[in-house]
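coordinates only, no sequence provided:
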Ligand code: GDP
Ligand code: MG
């Protein structure tokens, strides 16, 4: 290749590193993009791409998911490894958290064993220095045999030099020999023998170094074994037999297994690498000290859980107190808008569409933005300070009891474990889980959490029926969501997904004071996610449902009968009185005019209710009443619940539409909460049963689609729809029927 064409070729760089090492921050600093920066694994699940140019050289930068290792234990590790092996980036930029050097170098070592071209970004040196630790980058570079560039991603320090080093490395295109680590007298001879067989047969040598493949057989790497079996079953069989024999030997002599021995030797190698001259402890820093001291209280066996519950409770108090006024402003504004449209648009289907379909539908959704804003803000605060990671750490013990894993906590929280959030990224966050059983169990139970779409629905019902205890009620519902999720996960893990749990591997980042900008970005991202749905899916569904609720409407003969009744009433009046009856005047009406008006209104109300009941949606809701009367739902609630499958926010807008159609003479400014409170069908018991049902029933179709994608089969998507809805129905029915027995149904 000529010099010129080589220069113009685009370079591919991949960013690899442990979760939380600052990968996304660095990626954003370089590309100027704004990706979510999270304090725990599970956020960066997909690879993200960005472009950058240095001295006219085009660079494509890919942010890989954070991993501790390159074994195929979790999907993230697989994604990262496959990208490196198959896409062959010119340089892998390995970001290493300088404040946690030995742990982070574990991944570096594996990259080097894989023989890829690595440039190390020694990130968070500010944190290391704050702890009095100084790292000699040149010395580390010499020992690792690759460039090491100090950076502070958060400030953008060192990114230029890093990229320059990477481009230089790519251009000089060094042929790196894979690093050779000794794994001790038991493993080494077997590795050597396996390596020879692999080389002799050219077994997978196009993809991996021979020693690496041998190691993967010892580490029981399913992906490599599967590939090997497809390529050459005989060789694979021989290698598997050798691995099995070694495993047995190690089991007998050392009471251990190859994976553990291999990990021990890697850490030994790192310890040796860092000895004398790389790390210098200058003074006893007090930041780690401080983090440790805080942790002594916050993750204490006794105080930890108490603090955690208190923190969650504080989140509710904060959210409700701060959002009370703004929520009212939004409600008033939309009420006024509805009244204005009522006057501005002439009577007919268009007015009905705008008022009942669009304004009420969207208003219900948008009206909750202040509430969500404060809730998301509180969550972002907990996330950015590092407290959420502590909560995961503490809950690992609890989760284990239920057949889950500390990392399941992430999925639960993202799905709405502190209320707010969304099951879609929650479902994707399960990729950090190692065994597929724990992953599936988390996948199936996470959607029970109260996501950002369910919260407004619950909040609306709480506002209507539990005015006195709003924060307590939402708190109770959150606790219940956890109880149900955990208990059902346990049931799933004891029945259809039996098997052991895997170890916890999440480190605790030091406590950090969050930046204002970071908090705002996180909060905005979540609000935006909610709004984007409200703006597209929800308006469309709201209008579709309006049409289903409006058509086919009354038959000609029914209309004629009602018109005739109206005519009769009007004929009983004098000409002057007829004008009065249709006027807007309210006070000082002659008694016969007042009476006539009441009768006319009654007819109108009857007409609207009959039309709704006769509509497509009404028929469907009515048909479902046969089943749902067991848990106290009427056809309008059924209708809203069916709509909620499209997106949970739709429940509010549908109820809004159904109740605005049914009540022609209610003042348009009364909120939905108010209307439900005065509806004879609703009472606190019905509302409570409905809230439980909404919390538990089928995930929305976007989540179901994600479950299908993540589990790799339609079976689990359908299972979660059927299973969750059944659970919801049983729970709501039990609660409603017991309530009735206790005389609470009024
Ligand atoms: P990722 O999981 O590897 O993508 O890590 P993130 O980019 O999400 O970073 C995790 C946290 O570390 C964030 O709160 C960042 O603001 C913070 N962070 C990233 N780089 C640095 C750095 O160089 N110094 C300090 N003090 N904090 C950093
Ligand atoms: Mg990230």
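In hand now; what should we look at? Keep in mind that this is a model prediction, so the values were computed, not measured. Numbers count the residues shown, from 1 in each chain. Ligands and ions are numbered 1, 2, ... in the order given.

pretty sure residue 596 sits against residue 569.
Yes: with contacts counted by CB atoms under 8 Å, residue 596 reaches residue 569, the gap being 5.3 Å. The C-beta positions use only the backbone N, C-alpha and C, and glycine is treated the same way.

which residue of these two possesses the greater neighbour count?
Just comparing residue 596 and residue 569: by other CB atoms under 10 Å the higher neighbour count belongs to residue 596, 21 against 16.

could you check how far that one is from ligand 2?
According to CB to the ion, to the nearest Å, residue 596 and ligand 2 sit 70 Å apart.

what does residue 292 give?
Distance check for residue 292 against ligand 2: by CB to the ion, it reads 25 Å.

quick check: which element contains that residue?
According to DSSP states H and E, residue 292 maps onto helix 287-298.

the helix or strand that comes right after that helix relative to helix 287-298, how many degrees between them?
Moving toward the C-terminus from helix 287-298, the next helix or strand (DSSP H and E) is helix 303-344. Computed with axes from the mean of the first three to the mean of the last three CA atoms, to 10 degrees, the direction of helix 303-344 lies at 90 degrees from that of helix 287-298.

what is helix 303-344 packed up against?
helix 287-298, helix 360-366, helix 369-385, helix 387-401, helix 470-494 (3 or more CB pairs under 8 Å, 6 or more residues apart in numbering; DSSP states H and E).

how far off centre is it?
Centroid separation for helix 303-344 versus its chain: 22 Å, with CA atoms, centre = their mean, to the nearest Å.

I'd like the average pLDDT over it.
For helix 303-344, the mean pLDDT works out to 83.

got it, and stretch 620-637?
Mean pLDDT, stretch 620-637: 91.

give me the buried positions along that stretch.
By neighbour count on 16 or more other CB atoms under 10 Å, the buried set for stretch 620-637 is 621, 622, 624, 628, 630, 631, 632, 633, 634, 635, 636, 637.

residues touching the closest residue to the fifth one other than its chain neighbours, list them.
Leaving aside its sequence neighbours, residue 630 sits nearest to residue 733 (CB to CB, 6 or more residues apart in numbering; 4.6 Å). Under the criterion of CB atoms under 8 Å, 6 or more residues apart in numbering, the neighbours of residue 733 are 630, 631, 689.

sort out for me which of the residues you listed are in helices.
Mapping the contacts of residue 733 onto helices (DSSP state H) picks out residue 689.

what would the contacts of residue 733 look like in a markdown table with distance to ligand 1?
Formatted as a markdown table, those follow (distance: CB to the nearest ligand atom, whole Å):
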| residue | distance to ligand 1 |
| --- | --- |
| 630 | 47 |
| 631 | 43 |
| 689 | 41 |
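
residue 375 reaches residue 319, doesn't it?
Yes: the pair residue 375 / residue 319 is scored as a contact, 4.4 Å apart, by CB under 8 Å.

in what helix or strand does residue 744 lie?
For residue 744, there is no host helix or strand (DSSP H and E).

for it, the count of nearby residues, please.
By other CB under 10 Å, the residues close to residue 744 number 15.

so what's it up against?
Per CB under 8 Å, 6+ apart, neighbours of residue 744: 684, 685.
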